[in-house]
Structures are given as C-alpha cells and as structure tokens.
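A.B. asks: Predicted coordinates and the sequence they were generated for:
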Amino acid sequence: MGQASFSYADETAIVTGSTKGIGRGIAEGLAEANANVIINARTPEAVEATAAELERSGDGSIIGIAGDIGEPGDVEALVEATLEEFGAIDLLVNNAAVWPPRPMPEVGLEEWDMGLDVNARGTFYAATLVARSMIERERPGSIVNITSQAGERHGAGHGIYGISKAAQNGLTWRMAHDLAGHGIRVNAVSTSQTDSYQLRKSYVAGKEPEELTNEEIESAKAEYGERIPLGRVGEPEDVADGVLFLGSSAASYVTGHVLRVSGGANLE
Ligand SMILES: NC(=O)c1ccc[n+]([C@@H]2O[C@H](COP(=O)([O-])OP(=O)(O)OC[C@H]3O[C@@H](n4cnc5c(N)ncnc54)[C@H](OP(=O)(O)O)[C@@H]3O)[C@@H](O)[C@H]2O)c1
C-alpha cells in the first residue's frame, strides 16, 4: 500500500468545532502537517485548552478563537481575527454541527432554525467570507465541508439534521462551480459512524461520554463496527486524512466532490 504524507507548512487553516471528536482530529492532522491552525468552538476554556495541547504537534502556530458558527457576528470575528493574525486563510474546514434532537413531526421552527443556522447557514457564511478573503488577496485556497451520510438518505429518521447535511452537499456543489473561476476548490467529506463525543452519547443508554469506561467504549465500537462493511467504526483520523488530501495539491483537479469516508457504510 502506498504511504501518503502532506505538508501544510506556511499555510493557515480554520477548523470549526475543533475541540472534540472529528474536528479535533482534523485540527491535529493539520497541526502535525505544520499548518497554522485556528481552533474554534463555543466553549472558550475548551478552545484555549485544545490550542495549548496541539501547540507542539508541528511547526505552525495554533491559536484558539471561540465563537458560535450559528451567529453571523461570531463567524465574521473568526475570519477577521484569523486574517489579522496570519494575513491569509488557505483552508477552511466547516466541521461544527448541531443535532436537533427530536424527530419530525415533533420538531418545530426552533429546531429548524437551530439546525439550519449552524449546519447550513454557518457553513455558507464562513465559506463566503473566506472565499472573499482569498479573492481579495489573489491567493486561492480550499474549502472542505464535513457532511454526513444522513444528507444522502431518503429516510433513516435524521430529520432536520439530515436536511441540513443535504444542504451542505448542495452548497458544496454550487460554491465549487461558482468559485472555480477564482481557483478556489470546494469539496466535502461525508462520513458515517465515527468515534467522537457526539457518537459516544449513544454508546451506553443513560451515560454521558465522560462517564464511559474504556471497556464500554471499546465494546460499543466493536458492536457498531459489525454493521459497517469494512468492519469498524471510523476514527477522527480517517476523516482528517480525507480533509488533508482534499486540501492539498494532490487534489488540485478535484472540486465539487463529496468524498465518502465511511468504511463502505454509504453502500448499505
Ligand atoms: N460522529 C459521527 O458519527 C458523524 C457522522 C456523520 C457526520 N458527522 C459530522 O462530523 C462533524 C463533527 O461531528 P462530531 O461527531 O465530531 O461532533 P462532536 O464530537 O459533538 O464535536 C462537535 C464540536 O463542535 C463544537 N460545536 C458544536 N456546536 C458549535 C457551534 N454552534 N459553533 C462552533 N462550534 C460548535 C463542539 O464544541 P462546543 O460544544 O464547545 O461548541 C465540539 O468541539 C459534524 O459536521 C457532523 O455532522 C459526524
């Protein structure tokens, strides 16, 4: 099997929702590839702690900027502060997401707004501001949206979350088309069950992720893995590898693509 490694030296990447789970794994992968990485999430303490923990992963600078991707003012502040600190943005990873809890038809407009404001509007707005900054500086880069198999299914009970992920797929295709003339590539990674804070909420009924023992985590992962064609649940590193590929020169002719990193779960 070929071995791949990527260098993001002297490049700057924003990863939204990067204190936990998949986002953290992506931030770690980019930091190890020597990028400057901006850690973001809503909880300031976790943002600072994650930035400090990843600081020594590579040669780039790691900074934390707390903010809610569902709040347009926070998205503006995230982009502006990054440009002030590093002068340009080469890669934006739209990873932050929320999961409106109830199924349809129980959900109402509140859940609709919550799900769509973060997952769809936040992705659109961050991508738009970052694309404008790339065009102004004549320094084209790349945008990668983290989407889900739930966005491609016609049923599967994921309600508003699934709708928001379908919107992210549509956004990926349309933005890829409209930004191609500027040399900016827009792609997505669609994943299935990946070991993360979010997925761990479902490992043992009634237990929060912080309360799980290692044995409970491993046993739930083994059980979930049996339902996935490649025989295991995904790890954040799997998604990170997809992002590092799509953001790199190895993917310079790839745009508007939704890359499935799901162990074949999309085939089911
Ligand atoms: N895990 C899976 O099995 C799976 C499957 C398919 C797709 N995905 C996709 O993968 C991505 C990451 O999911 P995950 O499972 O890694 O989630 P996770 O473990 O729950 O982590 C979510 C991260 O996003 C942050 N966040 C949540 N809401 C935010 C907001 N409004 N603004 C900024 N940051 C926010 C969280 O920190 P704070 O709470 O402090 O803000 C945390 O750092 C999502 O786009 C999800 O749709 C995951």
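C.D. replies: Here it is on my side, so go on.
A.B. asks: ok, which residues in this protein are in contact with the ligand?
C.D. replies: Residues of the chain lying near the ligand by Cβ under 6 Å from any ligand atom: 16-23, 40-43, 46, 68-70, 95-98, 118, 146, 148, 191-194, 196-199. Where C-beta positions appear, they are placed from N, C-alpha and C, glycine not excepted.
A.B. asks: Just the buried ones from the residues you listed, in ChimeraX syntax?
C.D. replies: Provided next is the ChimeraX selection string for whichever of the residues of the chain next to the ligand are buried by 16 or more other Cβ atoms under 10 Å:
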select :16,17,18,19,20,21,22,23,40,41,42,46,68,69,70,95,96,97,98,118,146,148,191,192,193,194,196,198,199
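A.B. asks: now, which of the residues of the chain next to the ligand lie within strands?
C.D. replies: 146, 148, 191 (DSSP state E).
A.B. asks: Now the second one. Nearest residue, chain neighbours left out?
C.D. replies: Using Cβ to Cβ, 6 or more residues apart in numbering and skipping the chain neighbours, the partner closest in space to S148 is K165 (4.4 Å).
A.B. asks: Just the element for the one you found, please.
C.D. replies: helix 159-179 (DSSP states H and E).
A.B. asks: how about the strands in this structure?
C.D. replies: Going by DSSP E, the chain shows strands at 12-15, 36-39, 62-64, 91-94, 142-148, 185-191, 258-261.
A.B. asks: For the residue nearest the centre of the chain, list the residues it contacts.
C.D. replies: When Cα atoms, centre = their mean is applied to the chain, the residue found nearest the centroid is N95 (2.2 Å). Taking Cβ atoms under 8 Å, 6 or more residues apart in numbering, we find N95 in contact with 15-18, 22-23, 26, 146.
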